[in-house]
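Peer 1: Pasted the sequence and its predicted model underneath.
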Amino acid sequence: MTRQIPTHPLTAAAFAPFGDVLDVTGAPDKIINQGLCGRHHDRATLDFGPQGRAGISLFNAEPRALPYRLDMVERHPEGSQAFIPMHQHPFLVIVAPDAGGVPGTPLAFVTDGAQAINLYRGTWHGVLTPLAAPGLFAVVDRIGTTANLQEHWFDAPYTVIDL
Ligand SMILES: NC(=O)N[C@@H](O)C(=O)O
Ligand code: NI
């Protein structure tokens with residue numbers, strides 16, 4: 001039996017060491033557009049390093065299912081990476097603390113369908129993992145010509161299971 005990781009509902013507090021959770025649950029910072037829009041202002045710590053710039057890409061990813069086999073996590077040493085769903089389906093978010101240059105034990109979260117995430121620069125994470133179709137996401141991350149990807153393949157896979 002592989003090592004199992006339970007999923008937990010995504011909360012800003014639990015995710016705080018790894019990145020930002022973006023949602024509109026709290027009061028907006030500003031009411032704009034003649035009172036017809038609440039602006040939840042500047043909610044992510046974006047970072048693209050001295051040799052990068054911000055880019056917006058659209059991902060059309062294959063949905064996965066739980067239990068989910070986790071073989072690898074990666075990180076972007078030169079920039080943050082935000083996953084903004086273009087739908088209202090929950091998606092799987094896997095992160096791991098750094099343990100001296102390699103990932104520690106991963107943690108798994110499931111969003112509530114109305115959350116986006118922004119991974120801090122250098123955070124170990126699983127790749128974008130939808131749990132339903134369409135797996136459409138806007139991704140805000142670093143565009144640059146220098147390397148920005150470090151992968152870590154586990155000696156033995158983990159299995160992410162529904163809590
Ligand atoms: N490689 C790529 O563009 N995406 C990954 O970084 C990911 O985290 O999904
Ligand atoms: Ni990534």
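Peer 2: Noted; the coordinates are in hand. Ligands and ions are numbered 1, 2, ... in the order given.

Peer 1: tally of neighbours for residue 77?
Peer 2: For residue 77, the number of neighbouring residues by other CB atoms under 10 Å comes to 13. C-beta: built from backbone N, CA, C; applies to glycine.

Peer 1: how about the closest residue to it other than its chain neighbours, what does it touch?
Peer 2: Leaving aside its sequence neighbours, residue 77 sits nearest to residue 122 (CB to CB, 6 or more residues apart in numbering; 5.3 Å). By CB atoms under 8 Å, 6 or more residues apart in numbering, the contact list for residue 122 reads 75, 76, 77, 98.

Peer 1: Show the contacting residues for the residue nearest to residue 68 when sequence neighbours are not counted.
Peer 2: Nearest residue to residue 68, sequence neighbours excluded (CB to CB, 6+ apart): residue 160, at 4.2 Å. Residues near residue 160 by CB under 8 Å, 6+ apart: 4, 5, 6, 7, 66, 67, 68, 69, 70, 92, 94, 108.

Peer 1: cool, and residue 5?
Peer 2: 70, 94, 105, 106, 107, 108, 158, 159, 160, 161.

Peer 1: Beta-bridge partners for the first one, please?
Peer 2: What it means is residue 70. Note on residue 70: beta-bridge partners by DSSP bridges are residue 158.

Peer 1: And the strands in the chain?
Peer 2: Secondary structure of the chain, counting by DSSP state E: strands at 3-9, 19-22, 30-32, 37-39, 52-60, 68-75, 81-85, 91-96, 107-110, 116-119, 124-125, 129-130, 136-144, 150-161.

Peer 1: would you turn those into CSV with mean pLDDT and distance to ligand 1?
Peer 2: Below are the strands of the chain laid out as CSV (pLDDT from 0 to 100; distance: least, CB to the nearest ligand atom, whole Å):
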stretch, mean pLDDT, distance to ligand 1
strand 3-9, 98, 17
strand 19-22, 98, 12
strand 30-32, 98, 31
strand 37-39, 98, 27
strand 52-60, 98, 7
strand 68-75, 98, 6
strand 81-85, 98, 6
strand 91-96, 99, 10
strand 107-110, 98, 15
strand 116-119, 99, 8
strand 124-125, 99, 6
strand 129-130, 98, 8
strand 136-144, 98, 7
strand 150-161, 98, 10
